[in-house]
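Asks: I would like the atomic coordinates for the input below:
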Amino acid sequence: MEHDRSSTTGSRVSVVVLNYNGRSSLEKCIKSIQAQSYPPSEIILVDNNSSDGSADAAQQLFPNLQVIRNSENLGFAEGNNVGIRKSHGDLVLLANNDIILDREAVSQLVHHASPDVGLVGGAILYADGGKLWSYGGLFDPFTGMHWHAFQGMNGKTRLPENPQVDYVPGALLLARRSLLEKVGLLDDYFFLYGDDIDLALKARRVGYSVQVTPYALAYHLVSQSVRKLEEKHELLGYYLMNRNMFYLYFTQLAVPLAITATVSQMGFLLFEILLFRRPASYLATKTRALAHLVRDWGRIGRMRRRVQRLGVLSAGPRFKDFLAVARSRAATRTYYW
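Replies: Model (predicted):
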């Protein structure tokens, strides 16, 4: 394919901040964006019908901020899409409301966005800076497992400059607009989780690479909005993660891989129960997520045909990487994928 050959020097960057009841972190997030050495051309705050007054507070503190108020919680994918549609930049940066950017983060992301790069991410640390939350992500199409690369490493560890990654977490994701025009915006089926993997696989189908740079630093409070939702709906995040990944397997992967990934995911529940003492509610939740796959089969078929028209997906196995992560999780009794 022929890529957009325009240089990133002088590119306009639109920042879309999605907010749901994020009053405790939103002010720091926006201040860190406004303080960038590479000033964004616009900052758009999309509020997903928050009940904590965070959007009003942000508009009072930052009068020049563009604020879009959704009448309902549209979820991560469609909430961000609302902001993307209103944006005008050559590059679009998605930032969670609980992300704090280092002053050089946008500059480094833009610098790394060469014409053949569709998506760029940075090194995201936990809020205290002690450990790494994510430096890109890996996805194994055989087992369907995905996980954040280098997670848990000391925050001062020297990171490789060009690691192979399969996706960039949506918490801090710079996307080339020409990519979004080719593959479409985020699939709104992904209310929470999986949309970033789906977008990265689509990018690879049309010939763009997905990369991360260690020089774009950010600090993450991690899942603040999800915790707000799960106060009312227990295991909502677990349900959505499984439902969305089943959907992704059958829209993106070859049928044999989609089957092995689904079987592996159901089998992985035994690992969860034995090692992490998951209660029976987890089995019921995962089974309900699988049942949703059958209910949505018509949509899955339509999306699969649309995705395949983009091009062929080259997705190599990550089984050795997965085994290494599994051993680490089992040894430390740390559950996160």
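
Asks: switch to C-alpha atoms for all contacts and neighbour counts from now on
Replies: Noted.

Asks: just the strands in the stretch 151-300 of the chain please.
Replies: Taking DSSP state E, counting those that start in this stretch to define them, one finds strands in the stretch 151-300 of the chain at 172-176, 209-220.

Asks: Save these as a markdown table, and put in mean neighbour count, mean pLDDT and distance to Ala330 too.
Replies: Formatted as a markdown table, the strands of the stretch 151-300 of the chain follow (neighbours: other CA atoms under 10 Å; pLDDT from 0 to 100; distance: least, CA to CA, whole Å):
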| stretch | mean neighbour count | mean pLDDT | distance to Ala330 |
| --- | --- | --- | --- |
| strand 172-176 | 26 | 98 | 28 |
| strand 209-220 | 23 | 97 | 24 |
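
Asks: a markdown table please, covering the ones you listed and showing distance to Phe190.
Replies: Formatted as a markdown table, those follow (distance: least, CA to CA, whole Å):
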| stretch | distance to Phe190 |
| --- | --- |
| strand 172-176 | 16 |
| strand 209-220 | 20 |
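
Asks: So which of the ones you listed is nearest Asn96?
Replies: Of all the strands of the stretch 151-300 of the chain, strand 172-176 sits nearest to Asn96, with 6.8 Å by CA to CA.

Asks: by how many degrees do that closest one and strand 209-220 diverge?
Replies: 150 degrees (axes from the mean of the first three to the mean of the last three CA atoms, to 10 degrees).

Asks: low-scoring pLDDT stretches of the stretch 201-337 of the chain, where are they?
Replies: Scanning the stretch 201-337 of the chain with the threshold set as pLDDT under 70 gives 223-233, 332-337.

Asks: change it to 80
Replies: Along the stretch 201-337 of the chain, the parts satisfying pLDDT under 80 run over 222-234, 271-272, 274-277, 315-317, 319, 322, 325-337.

Asks: Okay, helices next: where are they in it?
Replies: Ranges of helices in the stretch 201-337 of the chain, per DSSP state H, counting those that start in this stretch, are 224-230, 236-252, 255-276, 280-295, 297-308, 319-332.

Asks: just checking, which of those sits deepest inside the structure?
Replies: Per residue and on average, the most neighbours among the helices of the stretch 201-337 of the chain fall to helix 236-252, with a mean of 22 (mean count of other CA atoms under 10 Å).

Asks: would you list the helices of the stretch 201-337 of the chain in TSV and tack on distance to Pro39?
Replies: Below are those laid out as TSV (distance: least, CA to CA, whole Å):
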stretch	distance to Pro39
helix 224-230	26
helix 236-252	34
helix 255-276	42
helix 280-295	42
helix 297-308	35
helix 319-332	38
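
Asks: out of those helices, nearest to Lys156?
Replies: helix 319-332 (20.0 Å).

Asks: Report the angle between the closest one and helix 255-276.
Replies: Going by the same axes, to 10 degrees, helix 319-332 makes 10 degrees with helix 255-276.

Asks: for the strands of the stretch 151-300 of the chain, which one sits closest to Tyr193?
Replies: Nearest of the strands of the stretch 151-300 of the chain (CA to CA): strand 172-176, 13.6 Å.

Asks: send the alpha carbons of the closest one over as CSV?
Replies: Extracted in CSV, the C-alpha atoms of strand 172-176 (Å, rounded to 0.1, in the frame of the first residue of the first chain):
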residue,chain,number,x,y,z
LEU,A,172,-2.4,6.7,25.8
LEU,A,173,-2.6,6.1,22.0
LEU,A,174,-1.5,8.4,19.2
ALA,A,175,-3.3,7.5,15.9
ARG,A,176,-2.7,8.8,12.4
